[in-house]
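In: Sequence first, then the predicted structure:
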Amino acid sequence: MLSQKQAEEAMVSSFTDAGQRDRVEEEEKEQTDDSKFGLKNLLWHGGSAYDAWFSCASNQVAQVLLTLPYSFSQLGMLSGIVLQIFYGILGSWTAYLISVLYVEYRTRKEKENHSFKNHVIQWFEVLDGLLGTYWKAIGLASNCTFLLFGSVIQLIACASNIYYINDRLDKRTWTYIFGACCATTVFIPSFHNYRIWSFLGLGMTTYTAWYLTAAAIAHGQVEGVIHSGPTKLVLYFTGATNILYTFGGHAVTVEIMDAMWKPRKFKYIYLLATLYVFTLTIPSAAAVYWAFGDQLLTHANAFSLLPRSGWRDAAVILMLIHQFITFGFACTPLYFVWEKVIGMHHTKSILLRALARLPVVIPIWFLAIIFPFFGPINSAVGALLVSFTVYIIPAAAHMVTFRSASARQNAAEKPPSFLPSWTGMYVVNAFVVGWVLVVGFGFGGWASMTNFIKQVDTFGLFAKCYQCKPPSPSHH
């Protein structure tokens, strides 16, 4: 019995090693071809565990950093901090489940001598391979819709932020301009090629987070500051779902893993990235809420309350660049799906692939102009899309994949050392599904849609300049 088990483990190991060998050989070939361009390899070809960590940390917190103080005004200080930690841990758990399912899928396919050369594995393919076409359809629909609106949010954020440097153009005009700028992400082939961008992006959000913290403390509390949150259930659950959205950035987990030379090393990377992100999100949100209190209820973007300075302008510019990067992170999986639909995924020409990808950007551009509600749209997307895409579906898929004794016995990845029981994993997964379904999707969906509809009624669709102040006399 023991020898049979050892033989099975050896077989799994050999197939996994073979897959890794193909990946490494492919990378080495690329590096040999580009041997004259050492700097290009350093900046362009990423696949290490460090690259994955930078990608996860950089992608997890972008424009949402600016809306977390708004969420704190809805939740109150204590709930804001507790829910960040809670959803950060929950998000790390489901990212771990996604990584386990990816390894399981890849191991099974490689046992069948299936080659993934020049092919990017995606979440819906993992669900299809493990659970069938019904799960594939659910995963594809939810993931693509979330990433579509995730890209829309980045575009809205670009227009919202640049307005605080240059308000001579309204936010809708800025959306047109940045839509064209973000369309250039079609030229970035895959997550391998985000190495330098991930590194720079994390530096930019780190600067912005600590600028918000320092500027709020230096500014001090406004006269007569009030911290009344939480006051209404609608506002409370709206804020809670924005935090659920914040730590639900792992819709691109499979694509980041697939870009790694050794994907098995990913397991705890998302947790480590989340721990770093806590050092950015908690101090900045707490400091800005401490300084401005309930004023944030009508100022979803933290930049709008901080005084104009060179430091603030630098933070705005860095966030604009980072939002361009995050737009690419959210859009790249959509590009892959579209390429597969039209049969262009294995085309080696970057120019041809870029031209084929352009139709993906057009609906994103259009939706950003229709719904320019920076802040409230985050909560709506969090409740209706993130809840299913990155919390409920991964937990449920893990439970169904390993429901049989034989599947558990032959699993490529056994339960983690901190939770060594399959029963324990089932209990945690059932809790995740139940909690997010009731609190995130149920209460969160009701609250965020109520708030979202209120914004539509107040400002209208195609709002020209959402939450803009009237122009000051100095501009005339």
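Out: Sure, I can see it. Source: prediction; values computed, not measured. Residues are numbered from 1 along each chain as shown.

In: Could you use CA atoms for every contact and neighbour count after this?
Out: OK.

In: what comes up buried for the longest helix along the chain?
Out: The residue-count maximum for a helix in the chain (DSSP state H) belongs to helix 77-111. Under the neighbour-count criterion of 16 or more other C-alpha atoms under 10 Å, helix 77-111 has 77, 79-81, 83-85, 87-110 buried.

In: repeat for stretch 167-185
Out: By 16+ other C-alpha under 10 Å, the buried positions in stretch 167-185 come out as Asp167, Asp170, Lys171, Arg172, Trp174, Thr175, Tyr176, Phe178, Gly179, Cys182, Ala183, Thr185.

In: Helices along the stretch 101-250 of the chain, start to end?
Out: 123-131, 133-162, 171-182, 195-219, 233-246 (DSSP state H, counting those that start in this stretch).

In: ditto for the stretch 351-476 of the chain
Out: 376-381, 393-401, 405-409, 422-435, 444-459.

In: could the ones you listed be laid out in JSON lines, adding distance to Pro69, mean pLDDT and mean neighbour count?
Out: Conversion of the helices of the stretch 351-476 of the chain to JSON lines gives the following (distance: least, C-alpha to C-alpha, whole Å; pLDDT from 0 to 100; neighbours: other C-alpha atoms under 10 Å):
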{"stretch": "helix 376-381", "distance to Pro69": "13", "mean pLDDT": "78", "mean neighbour count": "26"}
{"stretch": "helix 393-401", "distance to Pro69": "29", "mean pLDDT": "96", "mean neighbour count": "20"}
{"stretch": "helix 405-409", "distance to Pro69": "43", "mean pLDDT": "94", "mean neighbour count": "11"}
{"stretch": "helix 422-435", "distance to Pro69": "24", "mean pLDDT": "96", "mean neighbour count": "16"}
{"stretch": "helix 444-459", "distance to Pro69": "17", "mean pLDDT": "80", "mean neighbour count": "19"}
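
In: will you turn the ones you listed into CSV that also has distance to Gly203?
Out: Putting those into CSV (distance: least, C-alpha to C-alpha, whole Å) gives the following:
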stretch, distance to Gly203
helix 376-381, 23
helix 393-401, 30
helix 405-409, 41
helix 422-435, 32
helix 444-459, 31
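
In: for those helices, which one sits closest to Val341?
Out: With C-alpha to C-alpha as the measure, helix 393-401 is the member of these nearest Val341 (23.1 Å).

In: hang on, the earlier thing: can you check which of the helices of the stretch 101-250 of the chain gets nearest to Gln63?
Out: Across these, closest to Gln63 is helix 133-162 (C-alpha to C-alpha), at 6.2 Å.

In: what's the closest one packed up against?
Out: If contacts are counted by 3 or more C-alpha pairs under 8 Å, 6 or more residues apart in numbering; DSSP states H and E, helix 133-162 sits against helix 123-131, helix 171-182, helix 310-342, helix 350-370, helix 376-381.

In: Return the backbone torsion pair for the residue most central in space within the chain.
Out: In the chain, the residue lying closest to the centroid (C-alpha atoms, centre = their mean) is Gly249, at 2.4 Å. Gly249 adopts backbone torsions of phi -80, psi 10, taken as degrees, to the nearest 10.

In: follow-up on the earlier one: of the helices of the stretch 101-250 of the chain, which stretch is the most buried?
Out: Mean neighbour count, computed with mean count of other C-alpha atoms under 10 Å, is highest for helix 233-246 among the helices of the stretch 101-250 of the chain, reaching a mean of 26.

In: neighbouring contacts of it?
Out: Residues from elsewhere that reach helix 233-246, judged by C-alpha atoms under 8 Å, 6 or more residues apart in numbering: 60-61, 64, 68, 70-72, 74-75, 80, 83-84, 87, 230, 376, 378-383, 386-387, 440, 443-444, 446-448, 450-451.

In: So Ser58 versus Ala52, what's the distance?
Out: 10 Å (C-alpha to C-alpha, to the nearest Å).

In: Oops, could you answer that again for Thr332 instead?
Out: Distance of Thr332 to Ala52, given as C-alpha to C-alpha: 15 Å.
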